[in-house]
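Novice: Okay, here's the prediction I keep looking at, along with the sequence it came from:
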Amino acid sequence: MKIKIIAVGKLKEKYLKQGIAEYEKRLGKYCKFEIIEVPDEKAPENLSELEMIQVKEKEGQKILAKISDNDYVFALAIQGKEITSEGFANQIDQLSTRGTSSFTFVIGGSLGLSDEVMKRSDAQISFGRLTYPHQLMRLILTEQVYRAFRIIHGHAYHK
Ligand SMILES: C[S@@+](CC[C@H](N)C(=O)[O-])C[C@H]1O[C@@H](n2cnc3c(N)ncnc32)[C@H](O)[C@@H]1O
């Protein structure tokens, strides 16, 4: 199985890099795991509504270019469907049983994801109504993907 995370912007914080590297290593026994970073657009505080849409659209085009036709795409969105770790694991398990072998997760930049990316996505999932910084979201998502594999394979993990 292939798991790909497409994220806007560069990961800068060392502690996040270390955390992700740890889960990436653990995920090695379950899947081929890859993180693709696409460059963010400048988004100063004083942007108009139209300019914000344009920033999201430009970032969105770069995201869409990294998605393959056969990818099952999860868009991470605060307003998406709230999920449990068990439900998330079950969804991945069921999809893979039905033949999906390539899963892509998309994390937006500071302004979120464009309408085009949301339209391309097969599911929009929320990790709760709190807003997480996109860099931290990458670590949280990587841990949840690892947790999902532990659940799918019936392997013990922290409760
Ligand atoms: C700083 S947030 C963007 C906030 C932006 N105002 C919005 O409403 O999308 C950056 C990205 O992190 C992800 N994200 C942040 N919090 C999330 C949450 N609670 N659930 C799912 N994704 C989240 C989303 O992909 C979002 O596009």
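Specialist: Perfect, thanks for sending it.
Novice: so who does the spatially closest residue to Thr131 that is not a sequence neighbour touch?
Specialist: By the measure of Cβ to Cβ, 6 or more residues apart in numbering, the closest residue to Thr131 outside its immediate chain neighbours is Ile78, 6.0 Å from it. Every C-beta, even on glycine, is put in place using the N, C-alpha and C of the backbone. With contact set as Cβ atoms under 8 Å, 6 or more residues apart in numbering, Ile78 has these partners: 112, 126, 128-131.
Novice: Which of those are buried? Put it as a ChimeraX command.
Specialist: Buried subset of these, written as a ChimeraX selection, criterion 16 or more other Cβ atoms under 10 Å:
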select :112
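Novice: from the contacts of Ile78, which is closest to the ligand?
Specialist: The nearest member of the contacts of Ile78 to the ligand, counting by Cβ to the nearest ligand atom, is Gly112 at 2.5 Å.
Novice: Name the helix or strand for the most centrally placed residue in the chain, please.
Specialist: The residue lying closest to the centre of the chain (Cα atoms, centre = their mean) is Phe105, at 3.3 Å. Assigned by DSSP states H and E, Phe105 belongs to strand 102-107.
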